[in-house]
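A.B. asks: Structure, please.
(2 chains)
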Amino acid sequence: ETGVTQTPRHLVMGMTNKKSLKCEQHLGHNAMYWYKQSAKKPLELMFVYNFKEQTENNSVPSRFSPECPNSSHLFLHLHTLQPEDSALYLCASSQGGAGWAGELFFGEGSRLTVL
Amino acid sequence: QQQVKQSPQSLIVQKGGISIINCAYENTAFDYFPWYQQFPGKGPALLIAIRPDVSEKKEGRFTISFNKSAKQFSLHIMDSQPGDSATYFCAALNSGGGADGLTFGKGTHLIIQP
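C.D. replies: From the prediction side, this is the model:
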């Protein structure tokens, strides 16, 4: 496997469910990101981990909980979501440090539908 | 407050024509301006990027023009091909701004007609 891999690619969940999105990068990078992509909106940065330390949380509701056990893996734990949380969730990686945050390598995304 | 404004929202160009997408920014601390290309079912991929110390950067058929005084930059696709049909996002970064990350435009859906 090369690049950034996200699973599952599609997820349908009810508002009371608990699920997790997984991301794995094979690029030797030290920073990982979660972005939310909704139609006709800019990509929204949710969380950033630099060298496994969370350095950004853009006022994301607590029903989204990130986890970064090592520099290659990133999770997004989901619980009691709302229908407006339906979107494409993109994972990305970059070399560590703010200077590299513009050169992102994205996965193909996890399409989430909340019923 | 949207810090990077992108236009047009959608664009149709004939094969062989020039596609032009424009972006404007507000934050003068931005110092890195990439363009990302996204095909359906795929994640965005870095296409080309520029820093404000130059006014133009060209890679193959893709050119970024940058106007620092106007706080604008644009992507030009020369000899546009049907395979260029995708959504294009401009973005901006303050590389000295800690972990703020990229600020993206809303995207332009480009269709190249054969």
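A.B. asks: who's in contact with the spatially most central residue of chain A?
C.D. replies: The residue lying closest to the centre of chain A (CA atoms, centre = their mean) is A:Trp34, at 2.7 Å. If you count contacts by CB atoms under 8 Å, 6 or more residues apart in numbering or on different chains, A:Trp34 has them with A:23, A:45-47, A:66, A:74, A:76, A:89-91. In this view, the C-beta of every residue, glycine as well, is placed from N, C-alpha and C.
A.B. asks: For ChimeraX, what selects the buried ones among these?
C.D. replies: Those of these that count as buried under 16 or more other CB atoms under 10 Å in any protein chain shown are selected in ChimeraX with:
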select /A:23,45,46,47,66,74,76,89,90,91
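A.B. asks: And the closest residue to chain A within chain B, how far from A:Ser59?
C.D. replies: Residue nearest to chain A within chain B: B:Gly43 (3.1 Å; CB to the nearest CB). To A:Ser59, B:Gly43 is 24 Å away according to CB to CB, to the nearest Å.
A.B. asks: Please say which of these two ends up with more neighbours.
C.D. replies: Under the criterion of other CB atoms under 10 Å in any protein chain shown, the comparison of B:Gly43 against A:Ser59 puts B:Gly43 first, with 22 against 5.
A.B. asks: doesn't A:Gly107 make contact with that one?
C.D. replies: Yes - contact status for B:Gly43 versus A:Gly107: in contact at 5.2 Å, counting by CB atoms under 8 Å.
A.B. asks: Convert the C-alpha atoms of the lowest-mean-pLDDT helix or strand in chain A to PDB, please.
C.D. replies: When each helix and strand of chain A is scored by mean pLDDT, DSSP states H and E, strand A:53-57 comes last, with a mean of 74. Provided in PDB are the C-alpha atoms of strand A:53-57 (Å, rounded to 0.1, in the frame of the first residue of the first chain):
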ATOM      1  CA  GLU A  53       0.600  15.700  19.400                       C
ATOM      2  CA  GLN A  54      -2.800  17.400  18.700                       C
ATOM      3  CA  THR A  55      -2.000  21.000  17.700                       C
ATOM      4  CA  GLU A  56      -5.300  22.200  16.300                       C
ATOM      5  CA  ASN A  57      -9.000  21.700  17.100                       C
END
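A.B. asks: That one - contacts with which helices or strands?
C.D. replies: If contacts are counted by 3 or more CB pairs under 8 Å, 6 or more residues apart in numbering or on different chains; DSSP states H and E, strand A:53-57 sits against strand A:44-50.
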